[in-house]
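Chemist: Got a predicted structure here, sequence first:
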Amino acid sequence: MTWTTLIDVDSLKRAIASDDRPLAIIDTRVDLADRSAGAKRFAEGHIPDARRADLEADLSGPHYPGAGRHPWPSDDAFAATLGRLGITPAHQVVVYDDAQGALAAARLWFMLKTWGHEAVAALDGGWSAWRAADGAVETGDATPSNVGPYAGAFDHTRLLDAADVEAALASNDPVVDARAAERYRGDVEPLDRKAGHMPGALNRPFATNLADGRFRPASELRAAFDALLDGRAPDRLVASCGSGVTACHHLLAMEHAGLHGARLFKGSWSGWIEDDARPIATGG
């Protein structure tokens with residue numbers, strides 16, 4: 001069986017016990033306030049045979065103008081990262097974190113999707129669901145075999161910069177900000193130097209995709225995003241957040257709901273505000 005959006009704990013346990021298809025389990029746990037925390041958590045316990053992908057070192061690239069806090073990596077760099085993680089086109093990939101997919105499992109899921117790798121799914125409920133179900137735990141570091149670069153390229157039509165987003169807003173495409181409402185309004189800003197949102201952007205916090213730590217049923221997610229689309233095609237929606245990480249939670253939710261092709265503002269809010277000339281809105 002192939003999983004392409006979400007996989008539950010029981011299905012992952014069966015996949016681990018099976019030898020039907022090579023399996024690559026990737027731990028992406030991260031703490032944005034403590035960059036060393038992800039490696040520490042992994043060493044203290046992870047799903048057996050999991051490999052670790054670091055948000056900063058593996059899922060981001062060098063900064064360039066407008067890139068924001070987590071610059072999207074180059075095609076060559078990501079090809080090499082996949083090779084270091086032991087991922088090939090034959091693998092079923094399962095990604096997980098301890099933030100219900102938002103940091104940074106959905107980011108890696110979307111990266112692989114735009115790479116053309118269909119067999120990738122996020123563990124619904126993540127690490128906490130695995131532990132609650134008495135899933136086996138392994139400690140120590142991971143030592144995946146480097147299988148060499150995974151040849152390919154991102155679908156850059158789904159990866160937007162600030163100029164693309166300005167054009168999308170001008171065309172009345174829905175730009176959906178996944179940050180918490182208080183950050184969208186500009187009441188607080190714990191990470192970036194300016195508070196607020198892009199004028200015309202809508203707010204749907206990524207947490208509204210969840211209920212009791214799991215993704216909501218596909219039918220509920222479809223109804224919610226159909227309301228945001230308001231008759232427009234799914235591929236016109238642009239997801240944004242603080243730095244292009246939690247926005248991917250919306251892209252995963254939409255795909256799970258059967259709404260395909262939505263796009264990502266790579267730099268998101270932190271990229272938008274790199275240019276002081278760009279307008280900022282506050283309030284609801």
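Modeler: Sure thing, it's come through. Not measured: the values here are computed from a predicted model. Numbering: from 1, shown residues only.

Chemist: and residue 10, what pLDDT?
Modeler: For residue 10, the pLDDT comes out at 98.

Chemist: and it, what element?
Modeler: Assigning secondary structure by DSSP states H and E places residue 10 in helix 9-17.

Chemist: Could you list the alpha-carbon positions for that helix in PDB?
Modeler: Provided in PDB are the C-alpha atoms of helix 9-17 (Å, rounded to 0.1, in the frame of the first residue of the first chain):
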ATOM      1  CA  VAL A   9       0.200   4.700  13.800                       C
ATOM      2  CA  ASP A  10      -1.200   1.300  13.300                       C
ATOM      3  CA  SER A  11      -0.600   1.400   9.600                       C
ATOM      4  CA  LEU A  12       3.000   2.500  10.200                       C
ATOM      5  CA  LYS A  13       3.600  -0.400  12.600                       C
ATOM      6  CA  ARG A  14       2.400  -2.800   9.900                       C
ATOM      7  CA  ALA A  15       4.600  -1.100   7.300                       C
ATOM      8  CA  ILE A  16       7.600  -1.400   9.600                       C
ATOM      9  CA  ALA A  17       6.900  -5.100  10.000                       C
END
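
Chemist: Now residue 21: phi and psi?
Modeler: phi -150, psi 140 (degrees, to the nearest 10).

Chemist: can you count the residues close to it?
Modeler: 12 (other Cβ atoms under 10 Å). Every residue, glycine included, has its C-beta placed from N, CA and C.

Chemist: State the distance from it to residue 260.
Modeler: Here the criterion is Cβ to Cβ, to the nearest Å. By it, residue 21 lies 23 Å from residue 260.

Chemist: Point out where this protein drops to low pLDDT.
Modeler: Counting by pLDDT under 70, the chain shows no low-confidence range.

Chemist: In space, not sequence, find me the middle residue of it.
Modeler: Geometric centre of the chain, nearest residue: residue 107, 2.1 Å, by Cα atoms, centre = their mean.

Chemist: was I right about it contacting residue 28?
Modeler: Yes. Contact between residue 107 and residue 28 holds when scored by Cβ atoms under 8 Å: they sit 7.3 Å apart.

Chemist: what sits in contact with each of those two?
Modeler: Residues touching both residue 107 and residue 28 by Cβ atoms under 8 Å, 6 or more residues apart in numbering: 55, 59.

Chemist: that older thread, the residue nearest to the centre of the chain - that's part of a helix, no?
Modeler: Yes. The assignment for residue 107 by DSSP: H, G, I helix; E, B strand; the rest coil puts it in a helix.

Chemist: What residues does it make contact with?
Modeler: Contacts of residue 107 were listed using Cβ under 8 Å, 6+ apart, and they are 28, 55, 59, 70, 244-245, 248.

Chemist: Swap in 7 Å and give it another go.
Modeler: Contact criterion Cβ atoms under 7 Å, 6 or more residues apart in numbering gives 59, 245, 248 as the residues in contact with residue 107.

Chemist: Format those as JSON lines; extra columns: distance to residue 150, neighbour count and secondary structure.
Modeler: Listed next are the contacts of residue 107 as JSON lines, based on distance: Cβ to Cβ, whole Å; neighbours: other Cβ atoms under 10 Å; DSSP: H, G, I helix; E, B strand; the rest coil:
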{"residue": "59", "distance to residue 150": "14", "neighbour count": "22", "secondary structure": "coil"}
{"residue": "245", "distance to residue 150": "22", "neighbour count": "30", "secondary structure": "coil"}
{"residue": "248", "distance to residue 150": "19", "neighbour count": "26", "secondary structure": "helix"}
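
Chemist: how about CSV for these, with distance to residue 140 added?
Modeler: What follows is the contacts of residue 107, written out as CSV (distance: Cβ to Cβ, whole Å):
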residue, distance to residue 140
59, 22
245, 27
248, 29
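
Chemist: Not counting sequence-adjacent ones, nearest residue to residue 280?
Modeler: In space, residue 280 comes closest to residue 196 once its chain neighbours are excluded; the distance is 4.2 Å by Cβ to Cβ, 6 or more residues apart in numbering.

Chemist: list the contacts for the one you found?
Modeler: By Cβ under 7 Å, 6+ apart, the contact list for residue 196 reads 186, 280-282.
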